[in-house]
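Colleague: structure for the following, please:
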Amino acid sequence: MRLDDLEDDASHCQGCGTALPTDRYYGRRKFCSSPCYNRQYQAIEAKAIVEAKAGRKCEHCGETLADHKNARARFCSEECQQKAYRPIWKAKHPLTCQTCGTGFHGNHGKQKYCSPSCRAKAGVAARALNWKPKMICVRCGTPFKARPGGKHCSQACRSPLEPLY
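Modeller: Numbering: from 1, shown residues only. Purely as a prediction, here's the structure:
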């Protein structure tokens with residue numbers, strides 16, 4: 001006898017097929033025990049979940065989502081999720097370049113410059129503003145930024161045989 005044949009039979013368990021006890025619940029009982037009922041219910045639930053997940057499509061590229069993905073998954077990969085959300089983010093977060101003042105749409109909220117050339121210009125300007133002579137050359141008297149243990153501005157000043165002009 002197969003379990004499919006027992007579905008209509010009130011004298012056998014629908015889960016495992018064993019004979020049901022003849023007690024006061026005879027005729028109303030469908031399973032022999034709680035574990036048998038739980039196994040059958042979990043199998044039905046798992047089948048329903050697989051059916052619900054079947055045929056889901058990625059909202060960005062349209063590929064079929066894998067069955068192992070979360071039931072609330074909307075995208076097939078993180079890459080598709082980022083590509084879908086980037087235009088939305090850019091529309092909500094317009095940025096202004098700190099060097100030239102033009103508006104641009106950056107890749108993240110901490111971006112300060114519209115292009116690598118503006119970033120370079122800002123770096124040169126910042127270094128020029130922050131530059132202060134740290135040392136004065138012992139030999140020629142020109143200011144220079146100190147190196148560890150440095151007393152001379154260049155190799156020419158450091159060499160005692162080189163004449164000063």
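Colleague: how much space between the residue positioned nearest the centre of the chain and Lys90?
Modeller: In the chain, the C-alpha nearest the mean C-alpha coordinate belongs to Glu78, at 6.4 Å (CA atoms, centre = their mean). Going from Glu78 to Lys90 by CB to CB, to the nearest Å gives 18 Å. Glycine gets a C-beta too; all of them are placed from N, C-alpha and C.
Colleague: Gly106 now?
Modeller: 8 Å.
Colleague: what of Cys58?
Modeller: Where Lys90 is concerned, Cys58 sits at a distance of 21 Å (CB to CB).
Colleague: can you check Ile49 too?
Modeller: 36 Å.
Colleague: also Cys157?
Modeller: From Cys157 to Lys90 the distance is 53 Å (CB to CB).
Colleague: look at those two and report which has more neighbours.
Modeller: Cys157 (18 against 14; other CB atoms under 10 Å).
Colleague: now the more buried one. Nearest residue, chain neighbours left out?
Modeller: Spatial nearest neighbour of Cys157, excluding adjacent residues (CB to CB, 6 or more residues apart in numbering): Arg139 at 4.4 Å.
Colleague: Cys36 and Cys13 touch, don't they?
Modeller: Yes - counting by CB atoms under 8 Å, Cys36 touches Cys13, with 5.8 Å between them.
Colleague: which of these two has more neighbours?
Modeller: Cys13 (20 against 17).
Colleague: got the contact list for that one?
Modeller: Leu6, Ala19, Leu20, Lys30, Phe31, Cys32, Cys36 (CB atoms under 8 Å, 6 or more residues apart in numbering).
Colleague: between these, which is nearest Lys110?
Modeller: Cys36 (58.7 Å; CB to CB).
Colleague: measure the closest one to Ala46 for me?
Modeller: Taken as CB to CB, the span from Cys36 to Ala46 is 16 Å.
Colleague: what about the helix or strand harbouring Ala48, distance to the chain center?
Modeller: According to DSSP states H and E, Ala48 maps onto helix 34-53. Centre-to-centre, helix 34-53 and its host chain are 33 Å apart (CA atoms, centre = their mean, to the nearest Å).
Colleague: all helices for the protein, in order.
Modeller: 34-53, 78-92, 116-130, 155-158 (DSSP state H).
Colleague: can I get those helices in TSV with mean pLDDT?
Modeller: Formatted as TSV, these follow (pLDDT from 0 to 100):
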stretch	mean pLDDT
helix 34-53	84
helix 78-92	83
helix 116-130	76
helix 155-158	81
